[in-house]
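K.L.:
What follows is a predicted structure for the sequence shown.
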Amino acid sequence: MSDNNSNTNSNTSAVSEKAGSWFKGLKAEFNKIAWETRENVTKQTISVVVVSVIVGVIIAILDMIMQYGIDFIINIGG
């Protein structure tokens, strides 16, 4: 019975060592990340929002023009 218990302890120890090693590797990789500055992220976010709004307005204008054109063509025949 004690042999089984010692195997369980060694398995738990091996798992703990692997987990510790994994977290050390994770921390090492995490430190390699080149984080952007807050100023850079703010500028990029503003750029994305502005471009998205402009593209949305362009799509809305094209949609209105096409709808007007389709309505015009339909009314010609009717």
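P.N.:
Yep, that arrived.
K.L.:
quick one, longest helix in this protein?
P.N.:
Secondary structure of the chain read by DSSP state H shows that its longest helix is helix 38-77.
K.L.:
Report the contact partners of residue 25.
P.N.:
By C-beta atoms under 8 Å, 6 or more residues apart in numbering, residue 25 lies in contact with nothing. Heads up, the C-betas are built off the backbone N, CA and C, glycines and all.
K.L.:
Going forward, count from 5.
P.N.:
Yes, from this point I'll number from 5; that puts the last item at residue 29.
K.L.:
now it: how far from residue 35?
P.N.:
Distance, residue 29 to residue 35, using C-beta to C-beta, to the nearest Å: 11 Å.
K.L.:
next one: residue 52
P.N.:
28 Å.
K.L.:
Ok, residue 25 next?
P.N.:
In terms of C-beta to C-beta, residue 25 sits 16 Å off from residue 35.
K.L.:
which of these two has more neighbours?
P.N.:
residue 25 (10 against 7; other C-beta atoms under 10 Å).
K.L.:
Model confidence for that one, exactly?
P.N.:
Predicted confidence (pLDDT) for residue 25: 89.
K.L.:
And the one 4 residues further on, by the same measure?
P.N.:
Looking at residue 29, its pLDDT is 90.
K.L.:
any idea how far residue 73 is from residue 33?
P.N.:
55 Å.
K.L.:
my bad, should have said residue 45
P.N.:
With C-beta to C-beta as the criterion, residue 45 and residue 33 are 21 Å apart.
K.L.:
One more: residue 23?
P.N.:
16 Å.
K.L.:
again with residue 71
P.N.:
From residue 71 to residue 33 the distance is 52 Å (C-beta to C-beta).
K.L.:
Any buried residues in the longest helix of the chain, and which?
P.N.:
For helix 42-81, a neighbour-count test (16 or more other C-beta atoms under 10 Å) marks nothing as buried.
K.L.:
pLDDT averaged over that helix - what is it?
P.N.:
In the prediction, helix 42-81 has an average pLDDT of 96.
K.L.:
chain center to it: distance?
P.N.:
A distance of 24 Å separates the centroid of the chain from that of helix 42-81, by C-alpha atoms, centre = their mean, to the nearest Å.
K.L.:
and if you look at stretch 67-82?
P.N.:
41 Å.
K.L.:
Please consider this matter closed, and thank you.
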